[in-house]
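Undergrad: quick one: sequence and predicted model below, then my questions.
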Amino acid sequence: MNKPNNNFSVEYPELGTDPISVESVISEAYFERERKLFQQSWVCVGRVDEAPNPGDYFLKRFEMLVEASLLVVHGEDGVFRVFNNICRHRGNSLVPTQFPQGSRPKGFRCKFHAWVFSTTGELAFVPDEEQWCLSGNSFDKADYALPQFNTEVWEGFIFVNKDPNPRKSLRETIGEEFYEPMRGYYSGFDYSLTWHVDINCNWKMILDSFGETIHVKSLHKFHITDTVVGPDNPDSHLLSAHLHRRNRSFSTFANLTHQPTPAEAIAYKYGYATWTEQDTAGQLPPGLNPGNHEAWAFDGVVIFPNLLMVSSNYWMAVFRPIPIAVNKTRFEIDYYVTKPTNAGERMCQEYARCAVRDAVREDAEILENCQENLMAGVITHLPLSNQEVVLRHNHWSMDQALQEMEDQEKANG
């Protein structure tokens with residue numbers, strides 16, 4: 001193959017070529033504008049495999065939506081719902097945060113006064129209920145169901161929207177570029193493990209870090225460099241980028257001439273090469289590797305505002321940078337693999353997830369340093385190369401979305 005020779009500034013002239021302002025990652029005012037947008041957007045809070053059976057639940061913190069934790073429940077009717085984890089009586093946490101995941105098929109009993117809520121959110125039982133009627137007011141349990149968010153599931157991902165009347169459907173948010181073309185792919189993996197880490201950087205900087213591969217040669221030179229850098233692509237340029245109104249995807253290079261290290265060779269002997277194994281059985285949906293590149297490693301697929309799915313033949317990593325403050329992010333990473341058919345494949349998967357883990361650690365360390373320096377105010381703009389077009393789109397699409405929201409608010413008076 002020939003070295004990728006994309007001129008993204010010609011493909012996407014609307015993004016411009018000027019250096020971008022650092023205000024979007026250091027400004028408290030900008031962050032508060034983003035908070036308002038998040039509260040009107042469909043955002044991912046987890047996957048159905050975190051609560052696989054009716055009655056199962058898990059808690060989620062998403063401060064951009066609400067300071068209290070969210071209670072994600074697989075209802076007895078098979079429907080997923082997301083509630084505020086707050087008892088309607090006196091405001092106690094319905095599920096204590098020290099029990100972030102579990103099963104309550106008989107419902108949720110508040111520890112404070114023993115109010116019980118069903119898995120579908122209704123207030124099911126109040127001890128000494130007649131005493132509320134004696135207080136002079138009518139008391140109807142139907143008036144005290146748990147407040148819930150608009151909730152929908154796509155490809156195993158659970159999305160919520162805090163807006164009681166969402167301005168866009170989930171399908172519109174995901175876009176026709178992904179909604180059907182990815183059908184069946186993301187729901188075909190088995191859950192492997194989760195990493196959660198708080199990083200002292202702006203949430204968009206995490207998306208930026210995983211939106212280009214030109215840093216791999218330097219930052220990850222001891223871990224994965226030779227797998228995504230080769231004679232045909234010595235600087236690890238992107239194979240392609242597909243930038244939509246809000247969402248985006250990009251395809252990355254695989255060095256098919258890579259010679260595995262002794263440890264890799266053992267791991268891959270009975271499994272598959274993590275970065276360079278090619279699709280030979282038509283396993284990929286039309287939404288992945290849309291350019292049909294031969295030397296393909298994986299695609300990054302971003303659903304606005306903050307869901308990144310790194311997707312390959314045999315594994316998937318789901319990245320959710322959850323904003324906490326302008327300079328602090330809870331970074332959640334869920335790693336998924338195809339179900340192993342033997343012990344050799346299982347060992348290979350363990351090796352692969354360690355490689356992903358080590359790369360993420362190196363990114364996290366560098367991002368905290370970048371954030372600290374940007375907050376110092378010494379530099380005001382960042383020059384971006386042609387290979388950083390995905391970063392440019394990340395910031396451009398947020399600017400556009402904020403402006404659109406504020407223009408709509410003005411139009412509505």
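TA: Good, I have the coordinates. Numbers count the residues shown, from 1 in each chain.

Undergrad: so what pairs up with residue 73 in the strands?
TA: Judged by DSSP bridges, the bridge partners of residue 73 are residue 57, residue 81.

Undergrad: ok, it - contacts?
TA: Residue 73 makes contact with 51, 56, 57, 80, 81, 82, 83, 119, 120, 121 under the criterion C-beta atoms under 8 Å, 6 or more residues apart in numbering. From N, CA and C alone the C-beta is placed, and that goes for glycine too.

Undergrad: go again using 10 Å as the cut-off
TA: 51, 54-58, 79-83, 95, 104, 107-108, 117-121, 146, 148, 151 (C-beta atoms under 10 Å, 6 or more residues apart in numbering).

Undergrad: give me the subset of those residues lying in strands.
TA: Under the assignment DSSP state E, these contribute 56, 57, 58, 80, 81, 82, 83, 108, 117, 148, 151 to strands.

Undergrad: can you count the residues close to the first one?
TA: Read that as residue 56. Other residues lying near residue 56 total 21 when counted by other C-beta atoms under 10 Å.

Undergrad: find me the pLDDT at it, would you?
TA: Listed pLDDT for residue 56 reads 98.

Undergrad: same question for the fifth one.
TA: If you check residue 81, the pLDDT there is 98.

Undergrad: surely it meets residue 54?
TA: No. Look at residue 81 against residue 54 with C-beta atoms under 10 Å: they stay out of range, at 11.6 Å.

Undergrad: between the two, who's got more neighbours?
TA: residue 81 (21 against 15).

Undergrad: roughly how far does that one sit from residue 320?
TA: 20 Å (C-beta to C-beta, to the nearest Å).

Undergrad: how is the protein partitioned into domains?
TA: By the assignment in automatic domain parsing, the chain contains the domains 8-36+190-411, 43-165.

Undergrad: start to end distance for the last one?
TA: The stretch domain 43-165 measures 15 Å between its terminal residues, going by C-alpha to C-alpha, to the nearest Å.

Undergrad: for this protein, what's the longest helix?
TA: Taking DSSP state H as the criterion, the chain has its longest helix at helix 343-375.

Undergrad: list the helices and strands it packs on?
TA: Judged by 3 or more C-beta pairs under 10 Å, 6 or more residues apart in numbering; DSSP states H and E, the packing partners of helix 343-375 are helix 23-26, strand 190-199, helix 203-209, helix 216-219, helix 262-269, strand 315-325, strand 328-337.

Undergrad: mind running it again at 7 Å?
TA: Under the contact criterion of 3 or more C-beta pairs under 7 Å, 6 or more residues apart in numbering; DSSP states H and E, helix 343-375 touches helix 23-26, strand 190-199, helix 203-209, helix 262-269, strand 328-337.

Undergrad: looking at these, which is buried most?
TA: A comparison of those by mean neighbour count, using mean count of other C-beta atoms under 10 Å, puts helix 203-209 on top with a mean of 23.

Undergrad: which residues does that helix contact?
TA: 24-25, 199, 302, 306, 308, 321, 323, 329, 331, 363, 367, 370-371, 391, 394-395, 398 (C-beta atoms under 7 Å, 6 or more residues apart in numbering).

Undergrad: ok so, going back, got any residues that touch both of residue 81 and residue 54?
TA: With C-beta under 7 Å, 6+ apart as the test, residue 81 and residue 54 both reach residue 75.

Undergrad: can you give me the end-to-end distance of stretch 271-287?
TA: 25 Å.

Undergrad: okay, now the unreliable bits of the stretch 201-350 of the chain?
TA: When residues are selected by pLDDT under 70, those of the stretch 201-350 of the chain lie in 225, 272-282.

Undergrad: if you set the cut-off to 90 instead, what comes out?
TA: Applying pLDDT under 90 to the stretch 201-350 of the chain flags the ranges 216-232, 254-295, 297, 311-316, 335-350.
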